[in-house]
Structure formats: structure tokens, C-alpha cells
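Enquirer: fold the stuff below for me.
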Amino acid sequence: MDISQVFVDLSRSQFAFTAIFHFVFVPLTLGLSWILFIMEAAYVKTGRPVYRDMVKFWGKLFAINFAMGVVTGITMEFEFGLNWAYFSRFIGESFGTVLAIEGLTAFMTEATLFGLFFFTWDKVSNKTHLLITFFLALGTNLSIVNILVANSWMQHPVATFLNPTTMQMQLTSFGELYMQELAQIRIGHVAFAGYLISAAFVVGISAWYLLRKRNTGFAMRSLAVGLGFGLCSSVFIFFLGDANGLAVDKYEPAKMAAIEGQWETQKAPAAWSVIAFPSQENEINYFDIKIPWMLSLITGHNLKATVDGLKPIMQQNEKRIYDGLVALKALERVRNGNATAKDFEVFDPKNEVTKKYRDNIGYAFILQAHAKDPYNSSSAELNKAVKDTIPQVWPVFYAFRIMLACWCVVFFVMTFGAVHVLRRSLLRYRWFLWLSLFSIPLPYIASEAGWIVAEMGRQPWVINGILPTSLGVSTLVSWNIVVSLAFFALLYFGLFIIELIIMFKVARKGPKSLGNGRYDSTKGVSDVV
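Expert: Numbering: from 1, shown residues only. Coordinates of the predicted model:
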């Protein structure tokens, strides 16, 4: 195997590990902050101490998770500069500002509001504290906006152009970064995924108290809030996920083809592959179980829609490679100091004639990695480059189906639970309480699977169509990454175990951990206050 490719894979593995681990903690804080606000609003409205106790108890679990999210997130900020130095320089003038804003909102605004939430209970009025809780929830959720805007730009770069003199992506419209369709949809989709995670968390732990017949009044109120919040979130996720799929089909056809395991373009109405075994080498699916017409209904909401297959996409990418070579040649002349006016016109963002050349320069970079002379490449070198322009299909294909299956189970839990809470018959179904408890990990799994779809489906690009992942990494010795990855693995797993121990300890004690004496008995005074 090529040593340079090993280095790229190691760098990707390290960032993937730290990012996936970090996102274990982020989504719970997104939704739990709003659940705290809902509970505190009930306290301000009714004046019943049980609702204040609910805010304080779930706030304890929020605090533990929040701390872990901050600790694991800081590492990623440094990885941009250490492992992805060229990428960081390449995008410094475009979404570098967005990342800086994200740092302010994530580590300063949130931290300030976090302190105010926990240390002003007896120092301000109830309504003022409710306002603090509102802004804590708002600030917590705003922290994902900037990182998702930046990530969506990587999936679909807009409002920027490559400056051949500085070799950086230059920004043309700051507002357009935030207003582009993909960013808007993905912000909502990720936010509501976090809300569903927090709802399942509250519902599952509350169900455990009910199974143990402990603090049933406290648990039922928490369960009702979690079920209502979770049902609304799961419905919004469905519609936002559908909108996200339509946007991916529009802007990232290769990713959509990988998600659906489409090697050939089916004639409409197209069948949906429920399960299959995609073969990247043979470019075919084995053991393909399909539902007729379903793919057209999913991707276009009609029977005339279809999804472009990966084989036709690769044929289109071959043409893009040749167009990109025109821009690559012009770039070389600019960098060598012998460029003509026509060479600079290739990179002029206002020149629509040369748009197809500059927008496809990344495909030429991919060929350059396979051919000694990209302008006179062999058919074998060109074929390797073309095959490298599409993602690995099986991880994306299965991650999407895992995400969908987890959502279906959690949606059932939220719907069934909400209906029977309204009917006051939930305690008759002990199997449901057990299902709620064991469903806590499912939205986490769905969320991580969603990130696998988004990030592995974007490959081979770090900036879609512009900068291949292989060109974004720093020049480091491979063993440095191996050692640091091993260190991160040990540290993060250690922190994760510590967090689980603390979370389980607080959860086992339940509201008794508040130490106010109202929950020392097995029944709990929450039934009467």
C-alpha cells in the first residue's frame, strides 16, 4: 500500500474517532437544555416544587455531559492545525471566521450561561432564572449552527472561489454561507436529532424509576415531558431528513447513489433496495432485496423520479477530470510566474465560460495523485482516478439503514408512550417501560450513523469537488499519528468510563441526590407536591 495513503487513512481515522466520540456528548445537551426550560416553565407557572426539583436533577446530568462535551471538543480545534494544516490554510479566508465564531459561542457564551444557571437559583427571581435557562438552551443550540454551516460548505462549497495566487478559498458572501439550502436543512436535522436523544434519555431513565416503583410522581412528570418533546422531535426529524435527502440528491449525487446502492440509473418508477451487499470491486449488488417504486417515492415523491447510478456518475467525472486539467495547467502557470491573462480568467468567479474548469480542478488533483504526468496519463491511471471519485458504498449504504431502523423504533416508543400517557394507562405496559429503557442508545446510534453517511459519503473530498482529502493533510511522521491516536483512545475511553460511573451513580440515586429530604422514602413526596 502507498505510504502516503496510509498517512491519509491514519489522519482520517484520528479525526473520525475524536469527532464521533465528541458527538456522543453534544446532542444530549442540545435537547436536555430545552427540556430543562420546559420543566422550569412548569415550575414558574404552577409553583409546585416537584418541577423545580426536576430541573435541578436533570440539570445535574446535563452538567456532567456538558463538561465532557467541552473537553472532547477542544481536541478537535487543535487537530485542524496539526493534522490538517494544508486544509486549514486552504480554507482560512473562507470558513475560518465561522469556526472562530463557533469557538466563541461554544466555549464562552455557553460557559457563562452554564454558570448563571447553576449558581443563581436563590439570587434572582423565578422568572429571571427561567430567562437564564432559556438563553442557556438558545446558546447551547447556537453552538452547532456555525460548525454545521462550515461542514455544509465542505459538502457543497458556495460563495467562495479559489485564488490561484494565494492558493486559498476566498469568501465572496458571508451571509450566503449561512443561507445556503444544505446548511439550513442540516442545522435543523442535527438539532432535532439531539432533541430526540435527550427525550429518549429522560424517558428511559424515568421508565427505570417506574419499573422500580420509585418516585413515581416525579418519574411520570419527567416521562410525560420527555415523551411529548420526543414525539414532536421525531416527527420533525422525519420531514427534515426527507428534505436533507432531496438536497443531497441535488448537490451530492454520488453520495445519494451510495446511500441507495445504485450502480446503474434505474428507469422510473425505481425500486428501493432494502438490503443488499454492494461490491465496490465488481460494481454490483449481491442479494439485493427491493421494494418496487419505493425509491422514486422516497427521492422525488412521485413515480417519475430516479437516482443517478454510480457508473454514469463516474463517466461524468471522467469528463470533469479533463475539464479540471485545464484549470490545473492554468494554476501551474500562475504559480510559476508565467501566466497569461487567459490563465487568470480561468479563476475569475465572474467568468461563467471558465466556470466548468475551475469548479472541476479537484478532479484533476485526483488524477495527479495517480499519474506521473496527468496531461498524458494512461488509461489505467485514468481509470483508477475515476474510480476514486466516488465513495465506498457499503459503509454509507448500511449506515443509512441503521439510522432509519433506529428512528423507527424510537418513533414507536414516543408515539405509544404519548398516547398512553394521555389515556393514563401507561403503567399497565411494563414491556413498554423496559423497551424505553433499552431504547436509550438507539438515537445515539442513529446520530453517529448519520455522521458516517454525511462524511464517508463525501469522500474522496475534504471540500467537495475542489480539494481531495489526500491533499488536505499535514506532512507528519506516521508513527506520531499512531501514538497520538492510541493516547486519545485511552484518554477518551477512560473519560467515558468515568462519566458513565458518575451518570449511573446520579441516576440510581434519582431525585434523592438533590439532598432536600423530599425523596428519601421509596414513594417520594413528588406524588403530593
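Enquirer: CA atoms for contacts and neighbours, from now on please.
Expert: Noted.
Enquirer: now do the same contact list for the nearest residue to Arg320 once chain neighbours are set aside.
Expert: Spatial nearest neighbour of Arg320, chain neighbours left out: Asn360 (5.7 Å); criterion: C-alpha to C-alpha, 6 or more residues apart in numbering. With contacts defined as C-alpha atoms under 8 Å, 6 or more residues apart in numbering, Asn360 is in contact with 320-321, 323-324, 327, 465-466.
Enquirer: ok, now which ones touch the residue most central in space within the chain?
Expert: For the chain, the residue nearest the mean C-alpha position is Trp451 (4.4 Å; C-alpha atoms, centre = their mean). Shown in contact with Trp451 (C-alpha under 8 Å, 6+ apart): Ile20.
Enquirer: give me the element it is part of.
Expert: helix 441-456 (DSSP states H and E).
Enquirer: would you list every one of the strands in the stretch 151-300 of the chain?
Expert: Along the stretch 151-300 of the chain, counting by DSSP state E, counting those that start in this stretch, strands occupy 160-163, 168-171, 272-279, 284-291.
Enquirer: quick one: closest of those to Tyr444.
Expert: Minimum separation from Tyr444 across the strands of the stretch 151-300 of the chain (C-alpha to C-alpha) falls at strand 272-279, 22.1 Å.
Enquirer: can you list the domains in the protein?
Expert: Using automatic domain parsing, the domain parsing of the chain gives 3-252+392-456+458-512, 310-387.
Enquirer: rank these by pLDDT, which is bottom?
Expert: Per-stretch mean pLDDT for these is lowest at domain 3-252+392-456+458-512 (a mean of 88).
Enquirer: export the helix holding Trp451 as CSV, just CAs?
Expert: The C-alpha coordinates for helix 441-456 follow below in CSV (Å, rounded to 0.1, in the frame of the first residue of the first chain):
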residue,chain,number,x,y,z
PRO,A,441,-28.8,4.0,22.9
LEU,A,442,-30.8,3.9,19.7
PRO,A,443,-31.0,7.6,18.8
TYR,A,444,-27.3,7.9,19.7
ILE,A,445,-26.5,5.1,17.2
ALA,A,446,-28.8,6.8,14.6
SER,A,447,-27.0,10.1,15.1
GLU,A,448,-23.5,8.6,14.7
ALA,A,449,-24.7,6.6,11.7
GLY,A,450,-25.9,9.9,10.2
TRP,A,451,-22.5,11.4,10.5
ILE,A,452,-21.0,8.3,8.8
VAL,A,453,-23.4,8.8,5.9
ALA,A,454,-22.5,12.5,5.7
GLU,A,455,-18.7,12.2,6.0
MET,A,456,-17.9,8.9,4.3
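Enquirer: list of residues touching the helix or strand just after that helix?
Expert: Downstream of helix 441-456, the first helix or strand assigned by DSSP H and E is strand 461-463. Here strand 461-463 makes contact (C-alpha under 8 Å, 6+ apart) with 87, 153-157, 467-469, 472.
Enquirer: find the pair from these with maximum spatial separation.
Expert: His156 and Gly472 (16.7 Å).
Enquirer: that older thread, make JSON lines out of the strands of the stretch 151-300 of the chain and add distance to Ser33.
Expert: Below are those laid out as JSON lines (distance: least, C-alpha to C-alpha, whole Å):
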{"stretch": "strand 160-163", "distance to Ser33": "35"}
{"stretch": "strand 168-171", "distance to Ser33": "34"}
{"stretch": "strand 272-279", "distance to Ser33": "36"}
{"stretch": "strand 284-291", "distance to Ser33": "40"}
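Enquirer: redo those as TSV? Include distance to Thr46 and mean neighbour count.
Expert: What follows is those, written out as TSV (distance: least, C-alpha to C-alpha, whole Å; neighbours: other C-alpha atoms under 10 Å):
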stretch	distance to Thr46	mean neighbour count
strand 160-163	52	20
strand 168-171	51	20
strand 272-279	49	18
strand 284-291	52	14
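Enquirer: relative to Leu113, which of those is closest?
Expert: strand 168-171 (32.1 Å).
Enquirer: packing partners of the closest one?
Expert: helix 85-90, strand 160-163 (3 or more C-alpha pairs under 8 Å, 6 or more residues apart in numbering; DSSP states H and E).
Enquirer: dump these to CSV, plus distance to Gly300.
Expert: Below are the helices and strands packed on strand 168-171 laid out as CSV (distance: least, C-alpha to C-alpha, whole Å):
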stretch, distance to Gly300
helix 85-90, 35
strand 160-163, 30
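Enquirer: the ones you listed: which one's closest to Ala364?
Expert: Comparing the helices and strands packed on strand 168-171 against Ala364 with C-alpha to C-alpha, the closest turns out to be strand 160-163 (14.4 Å).
Enquirer: using CSV, write out every CA atom in the closest one.
Expert: The C-alpha trace of strand 160-163 is given here as CSV (Å, rounded to 0.1, in the frame of the first residue of the first chain):
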residue,chain,number,x,y,z
THR,A,160,-16.1,31.2,-2.4
PHE,A,161,-13.6,30.9,-5.2
LEU,A,162,-10.0,29.6,-5.4
ASN,A,163,-7.5,32.4,-5.5
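Enquirer: circling back: tell me which of the strands of the stretch 151-300 of the chain lies nearest to Pro253.
Expert: strand 272-279 (16.1 Å).
Enquirer: ok, residues contacting the closest one?
Expert: Outside strand 272-279, the residues that reach it (C-alpha under 8 Å, 6+ apart) are 260-261, 284-296, 393-394.
Enquirer: same thing but 10 Å
Expert: Contacts with strand 272-279, where a contact means C-alpha atoms under 10 Å, 6 or more residues apart in numbering, come from 258-263, 284-299, 392-395, 397-398, 401.
Enquirer: ok and it relative to strand 284-291, angle-wise?
Expert: With axes from the mean of the first three to the mean of the last three C-alpha atoms, to 10 degrees applied, the angle from strand 272-279 to strand 284-291 works out at 170 degrees.
Enquirer: tell me the strands beside strand 272-279, with direction?
Expert: strand 284-291 (antiparallel) (DSSP bridges).
Enquirer: starting at the chain centroid, how far to the strand it pairs with?
Expert: 28 Å (C-alpha atoms, centre = their mean, to the nearest Å).
Enquirer: which element follows the strand or helix carrying Ile321 toward the C-terminus?
Expert: Using DSSP H and E, Ile321 maps to helix 310-336. For helix 310-336, the following helix or strand on the C-terminal side (DSSP H and E) is helix 341-346.
Enquirer: and that next one, what does it pack onto?
Expert: helix 310-336, helix 355-358 (3 or more C-alpha pairs under 10 Å, 6 or more residues apart in numbering; DSSP states H and E).
Enquirer: may I have the last one exported as CSV, CA atoms only?
Expert: When you say that, I think you mean helix 355-358. Extracted C-alpha coordinates of helix 355-358, given in CSV (Å, rounded to 0.1, in the frame of the first residue of the first chain):
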residue,chain,number,x,y,z
LYS,A,355,-16.7,28.0,-14.5
LYS,A,356,-16.6,24.4,-15.6
TYR,A,357,-12.8,24.4,-15.5
ARG,A,358,-12.2,26.0,-12.1
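Enquirer: distance check, the residue nearest to Asn317 when sequence neighbours are not counted against Asp348.
Expert: Setting aside the residues directly before and after it, Asn317 is nearest to Val386 in space (C-alpha to C-alpha, 6+ apart), at 6.5 Å. Look at Val386 and Asp348: by C-alpha to C-alpha, to the nearest Å, they are 27 Å apart.
Enquirer: with Pro374 instead?
Expert: 24 Å.
Enquirer: do the same with Glu281
Expert: For Glu281, the distance to Asp348 equals 39 Å [C-alpha to C-alpha].
Enquirer: likewise for Met167?
Expert: 14 Å.
Enquirer: what does Tyr286 give?
Expert: With C-alpha to C-alpha as the criterion, Tyr286 and Asp348 are 46 Å apart.
Enquirer: again with Thr166
Expert: From Thr166 to Asp348 the distance is 14 Å (C-alpha to C-alpha).
Enquirer: and the two? Which one has more around it.
Expert: Asp348 (18 against 11; other C-alpha atoms under 10 Å).
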